[in-house]
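# need a 3D model of the sequence below.
(2 chains)
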Amino acid sequence: MEAIIFYIFSGFAVLFSLMVILLKNPVTSALSLVASFFCVSGIFFLLHASFLGVIQILIYAGAIVVLFLYVLMLLNIKKEDLIENKMERRLGYGGKALVLVLVLFAFQVIDLPTSSTMQVRESFGTVASFGQELLGPFAIVFELVSLVLLAAILGVVALISRKEKG
Amino acid sequence: MLLFEQNWLGAILRILISFGAIFGVLVYMMVWAERKISAWIQDRIGPNRVGPFGLLQGLADGIKFIFKEEIKPQNCHRFLYTLAPFLAVFPAVLAFGVVPFGAREIGGEIKPLVVADIDAGILFTLSIASLGVFSILLAGWSSNSKYPVIGGLRAGAQVISYEVPMGLAVLAVLLLAGSARLSDIVTMQNTHGWFLFLCPLGFFVFLSSIFAETNRLPFDLPEGETEIVGYHAEYSSMKFAMFFMAEYANMITVSCLTVLMFFGGWEFLPFCGWNQVSTFLGRSIYADPILWLVPTIWFCLKVFFFLFLFIWVRWTLPRFRYDQLMALSWKKLIPIGVVNLVTTIILVTKLS
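Prediction:
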């Protein structure tokens, strides 16, 4: 049963990801991205990583794509801008990206353990174990990332206040 | 943790019962209650023609909404225009799936009555609540009309702004409970007293932000059609009604969350849960074939109080102006939320 649900989720994830790049309207592309995130989050839930599944929706769908949508809505893209055929250029960029992704993917596949009896701990994917990992072995990295985020926030504030003066 | 580990029929039944209950009964009753209570506050009678006490008025309204002419703007984005009202209802109903509304003792173990008792329950509700903004933005944008777009951006900004203080209040509760599972939060309150007394500021911040999140007065700018144009200005017929169904479904979900997080969920009184009542009675309430309903009913009563509060506030307070609304969130609620969070951290580290 879990296998069937996995194929449903992953199939739809691929479908929606394709729609992100194939649809002409950027707003529908952004929405397909959300749908794809939902499917990925479903796969996380299937793997008992409920925290990752929830965060996937909270951060990507709930925050980042909303920002995309705000920008797209304020840009006011007209139909004439969209009809213009850029298929060849798109395929050029897309092809290069595809090759890159496939190469990276191949490396990952080679690295996979050959035996199928992987053991995970009972608490795998729960909020508590995730927090312990984050503030235990990965504490320094975690703090560094938070510094980067803080710099981003301060940068935005600095940019806006400069604009208001001028 | 997952539904798949238990039997399928039971899982489907639980889903049908809890979602059927929230949609078939509670939303319908909420509309009726709103009209009756508003009438009572304004010294009117309210609906009293259709059915006993006007109880069938909602049905009549529903039929009327379905048969109304549906006007679609000519240049709207057809698919998204249709999708937006559904996206409004969807998160409100989905978030209800992790709300435990009682407990039962099965095989000597007290288990919460819930569709999916997931480990990150409270974070799940937060993340689902953050999806509500999509319906607002898309409804405004897909109408292809200037005022709804501006209204959508405005309402979207409101929902995003109030998510921050709501998240801060939820974080404090999470720290106090030491778990994100909603049933654990209730158990923790049974032993340590209701979180209302441990972080009253957090409760105040949470209550203010859920009013804004559900687009209720005093924060219901999209509905104030006499002074400002909202995102659903181009909607008509059943699609228009769906935005309001979503509002009522949202109200029910956030009322449940308030009760679970600050008012001890289905437990009896602060410092006196049903376990103490069970020892007083000499038999376990959770294991009894009939008495197990008592905690569930008690939970529903608490939720009804908050639903009443929503209606009561709506007919009491005047509407905020948009700049006041944003200032309240960013300049008042968020600092209060941070202060609450810091005091909670100090409290938790002192206690443990």
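
# just the element for B:A241, please.
helix B:237-262 (DSSP states H and E).

# for whatever residue of chain B ends up closest to chain A, grab phi and psi.
The nearest approach of chain B to chain A comes at B:S130, 3.0 Å away (Cβ to the nearest Cβ). For glycine as for every other residue, the C-beta is placed from the backbone atoms N, C-alpha and C. When read as degrees, to the nearest 10, the backbone of B:S130 gives phi -70, psi -10.

# what's the biggest helix in chain A, counting residues?
helix A:139-165 (DSSP state H).

# please list the residues outside stretch A:37-48 that contact it.
A:2, A:5-6, A:9-10, A:12-13, A:16, A:50, A:52-54, A:56-57, A:60-61, A:65, A:124-125, B:1-2, B:118 (Cβ atoms under 8 Å, 6 or more residues apart in numbering or on different chains).

# ok, now stretch B:257-275?
Contacts of stretch B:257-275 (Cβ under 8 Å, 6+ apart): B:99-103, B:122, B:125, B:170, B:173, B:182-183, B:185-186, B:189-190, B:193-197, B:202-203, B:206-207, B:210, B:276-277, B:285-286, B:294-296, B:298-299, B:302-303, B:306.

# show the buried residues in these.
Buried members of the contacts of stretch B:257-275, counted by 16 or more other Cβ atoms under 10 Å in any protein chain shown: B:99-103, B:122, B:125, B:170, B:173, B:182-183, B:185-186, B:189-190, B:194-196, B:202-203, B:206-207, B:210, B:277, B:285-286, B:294-296, B:298-299, B:302-303, B:306.

# how near is B:K111 to B:Y286?
9 Å (Cβ to Cβ, to the nearest Å).

# common neighbours of the two, please.
With Cβ under 8 Å, 6+ apart, B:K111 and B:Y286 have common neighbours B:A103, B:R104, B:E105.

# correct me, but B:F320 touches B:P218?
Yes - between B:F320 and B:P218 a contact is recorded at 5.1 Å, counting by Cβ atoms under 8 Å.

# show me which residues of chain A are close to chain B?
A:1-2, A:5, A:25, A:27-28, A:31, A:34, A:45-46, A:48, A:50-51, A:53-55, A:57-58, A:61-63, A:66, A:69-70, A:73-74, A:125-128 (Cβ under 8 Å from any Cβ of the partner chain).

# which of those residues fall in helices?
Per DSSP H, the subset of the residues of chain A next to chain B in helices is A:2, A:5, A:27-28, A:31, A:34, A:45-46, A:50-51, A:53-55, A:66, A:69-70, A:73-74, A:127-128.

# just the buried residues out of the residues you listed, in ChimeraX syntax.
Here is the ChimeraX command that picks out the buried ones among those, judged by 16+ other Cβ under 10 Å:
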select /A:27,28,31,34,45,46,50,51,53,54,55,66,69,70,73,127
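
# just to revisit the earlier point, burial count for the residue of chain B closest to chain A?
23 (other Cβ atoms under 10 Å in any protein chain shown).

# tell me the contacts of it?
Here B:S130 is in contact with A:I57, A:L58, A:A61, A:G62, A:A63, A:V66, B:E163 (Cβ under 8 Å, 6+ apart).

# go again with 10 Å.
Contact partners of B:S130, counting by Cβ atoms under 10 Å, 6 or more residues apart in numbering or on different chains, are A:57-59, A:61-63, A:66, B:91, B:159-160, B:163, B:166-167, B:213.

# C-terminal to the one helix or strand B:G151 maps to, what's the next element?
Assigned by DSSP H and E, B:G151 belongs to helix B:146-177. Downstream of helix B:146-177, the first helix or strand assigned by DSSP H and E is helix B:182-192.

# return the distance of that following helix from the chain's centre.
20 Å (Cα atoms, centre = their mean, to the nearest Å).

# how about it and chain A, any contact?
No - Helix B:182-192 stays clear of chain A (Cβ under 10 Å from any Cβ of the partner chain), getting no nearer than 10.5 Å.

# which other helices and strands does that helix contact?
strand B:103-106, strand B:109-112, helix B:121-129, helix B:146-177, helix B:195-198, helix B:237-262, helix B:274-281 (3 or more Cβ pairs under 10 Å, 6 or more residues apart in numbering or on different chains; DSSP states H and E).

# just the CA atoms of it, as PDB, please.
C-alpha atoms of helix B:182-192 as PDB (Å, rounded to 0.1, in the frame of the first residue of the first chain):
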ATOM      1  CA  LEU B 182      -1.400  18.400  20.300                       C
ATOM      2  CA  SER B 183      -2.500  15.600  22.500                       C
ATOM      3  CA  ASP B 184       0.800  15.900  24.500                       C
ATOM      4  CA  ILE B 185       0.100  19.600  24.900                       C
ATOM      5  CA  VAL B 186      -3.200  18.700  26.500                       C
ATOM      6  CA  THR B 187      -1.600  16.100  28.800                       C
ATOM      7  CA  MET B 188       1.000  18.600  29.800                       C
ATOM      8  CA  GLN B 189      -1.600  21.100  30.800                       C
ATOM      9  CA  ASN B 190      -3.300  18.500  32.900                       C
ATOM     10  CA  THR B 191      -0.200  18.100  35.100                       C
ATOM     11  CA  HIS B 192       1.200  21.700  35.000                       C
END
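
# okay, the angle between that helix and helix B:121-129?
Orientation note: helix B:182-192 sits at an angle of 130 degrees relative to helix B:121-129 (axes from the mean of the first three to the mean of the last three Cα atoms, to 10 degrees).

# quick check: angle from helix B:182-192 to helix B:237-262?
Using the same axes, to 10 degrees: helix B:182-192 against helix B:237-262 is 40 degrees.

# okay, whatever residue of chain A ends up closest to chain B: pLDDT?
The minimum distance from chain A to chain B, using Cβ to the nearest Cβ, falls at A:G62 (3.0 Å). pLDDT, A:G62: 83.

# could you do A:S17 as well?
91.

# now it: which helix or strand?
Counting by DSSP H and E, A:S17 is part of helix A:2-22.

# tell me where the model's unsure across the stretch 51-200 of chain B.
B:108 (pLDDT under 70).

# how deep is the closest residue to B:G230 other than its chain neighbours tucked in, by neighbour count?
Excluding the flanking residues, the one nearest B:G230 by Cβ to Cβ, 6 or more residues apart in numbering or on different chains is B:P222, at 3.0 Å. By the criterion of other Cβ under 10 Å, B:P222 has 24 neighbours.

# then the one 4 residues further on?
One way to gauge burial is a neighbour count; for B:T226, by other Cβ under 10 Å, it gives 6.

# and the one 3 residues further on, by the same measure?
Burial of B:V229 is recorded as 20 neighbouring residues (other Cβ under 10 Å).

# same check on A:L150?
A:L150, neighbours per other Cβ under 10 Å, totals 10.

# any idea of the pLDDT on it?
Reading off the model, A:L150 has pLDDT 94.

# mind splitting chain A into its structural domains?
Per automatic domain parsing, the domain ranges recorded for chain A read A:2-106, A:136-166.
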